[in-house]
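# Curious how this folds, go ahead:
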Amino acid sequence: MNSANMNSANMNSANPRAATLALVRLALALLAAPPVALAQDADFASPSARGAHSAARLLSAGAPSGGVYRLGVEIALDPGTVTYWRNPGDAGAPPVFDFSASENVAAVETLYPAPKHIVEAGITVAGYDESLIFPLRVTPKEAAAPVVLKLALDYAACAQICLPAKAKLSLALPTAGASPFAATLAAAETLVPRPIGAGEAKQLVEVARAGAGAWRLRYHGPGHAADVFVEAPEPFIIDSAADGNGGFALTLGEGKQQGAIAARATIRTESGGIELPLTLD
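Residues are numbered from 1 along each chain as shown. Next up, the predicted model:
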């Protein structure tokens, strides 16, 4: 053994604790350094906030386009869990998005994917039974200044029992770089119904009276209509269900009709669907 090796062996045998600590420090340093992909993801996503039967986080599509940032609120649901649409019906609680604590934000538009009709404890509600993303459009006050989006989110997560869920989320919006979530957010945006005006609605949707407080709706547009949801002003509730003949039966569930009801219909199709004004005479 040469003198250098003998000196090294003597040092390690003389101070094994120091050698062990050095190895531990090296291992901890390697663990603390995230992979490049994870470090990049952190620039475009907030940390997840765990709630009842679920978790929530903010996702960014990257730099703004036309002065507007594209983001999404992702709610990951545990298997067998349901959360709700903006108008769930006779039961359930819609999500509440509070962006008031954000920095340099002039406006946030929240978009809703087309929901499903879900039977829950014998009651039919409008909501979601799998993980989803609510797309966002964020407009800054000053285009050149940093933007920090802060969200206080309240929503319901229902498995065997319904529990309220809350999340505090924050994300400094990136102004450059390629987001790993851009494609995911683009796909989520295709699930948001396209708003159309009354003129186009007349060409795609036919509504006929079917008795007191009852109507039949037929969709003549592209793609198969899987479900229909009708939102009406208080005190009206309009129930809807497939009629078995390719159309949908609309029924006045609550409220006494004394004239035409100005409502809004969401028709879910295989391509995301449409949202349109609907007059129920």
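
# For the closest residue to Ala265 other than its chain neighbours, list the residues it contacts.
Nearest in space to Ala265, with sequence neighbours left out and distances taken as C-beta to C-beta, 6 or more residues apart in numbering, is Leu278 at 4.2 Å. (C-beta placed from N, C-alpha, C; glycine too.) By C-beta atoms under 8 Å, 6 or more residues apart in numbering, the residues touching Leu278 are Ala201, Val205, Val207, Val230, Ala262, Ala263, Arg264, Ala265.

# Please convert the buried members of these into ChimeraX selection syntax.
Only the buried members of those enter the following ChimeraX selection, criterion being 16 or more other C-beta atoms under 10 Å:
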select :201,205,207,230,263,265
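
# Narrow the contacts of Leu278 to those in helices?
With helices taken from DSSP state H, the overlap with the contacts of Leu278 comprises Ala201.

# one step back: could you tell me the phi and psi values at the residue nearest to Ala265?
When read as degrees, to the nearest 10, the backbone of Leu278 gives phi -140, psi 130.

# partners of it in the sheet?
Going by DSSP bridges, Leu278 is paired in beta bridges with Ala263.

# now it: how far from Thr83?
25 Å (C-beta to C-beta, to the nearest Å).

# Can you get me a residue count around Tyr128?
By other C-beta atoms under 10 Å, the residues close to Tyr128 number 20.

# right, I mislabeled it, should have said Ser65
Per other C-beta under 10 Å, the neighbour tally for Ser65 reads 9.

# and if you look at Lys141?
Residues near Lys141, counting by other C-beta under 10 Å: 12.

# next one: the one 5 residues further on
Other residues within reach of Pro146 by the criterion other C-beta under 10 Å amount to 11.

# Could you check how far it is from Pro64?
12 Å.

# what do you get for Val147?
Applying C-beta to C-beta, the value for Val147 to Pro64 is 8 Å.

# before we move on, what SS does Ala167 have?
strand (DSSP: H, G, I helix; E, B strand; the rest coil).

# what's the pLDDT at it?
pLDDT for Ala167: 98.

# what does Ala9 give?
The per-residue pLDDT of Ala9 was computed as 42.

# Pro195 now?
According to the prediction, Pro195 has pLDDT 96.

# Now do the strands in the stretch 151-281 of the chain.
Along the stretch 151-281 of the chain, the segments classed as strands by DSSP state E, counting those that start in this stretch run 162-172, 194-195, 205-209, 214-219, 225-231, 237-242, 248-254, 261-269, 274-280.

# Distance to Ala45 for those strands - can I get that in JSON lines?
Shown next, in JSON lines, are the strands of the stretch 151-281 of the chain (distance: least, C-beta to C-beta, whole Å):
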{"stretch": "strand 162-172", "distance to Ala45": "7"}
{"stretch": "strand 194-195", "distance to Ala45": "27"}
{"stretch": "strand 205-209", "distance to Ala45": "39"}
{"stretch": "strand 214-219", "distance to Ala45": "37"}
{"stretch": "strand 225-231", "distance to Ala45": "30"}
{"stretch": "strand 237-242", "distance to Ala45": "36"}
{"stretch": "strand 248-254", "distance to Ala45": "38"}
{"stretch": "strand 261-269", "distance to Ala45": "28"}
{"stretch": "strand 274-280", "distance to Ala45": "28"}
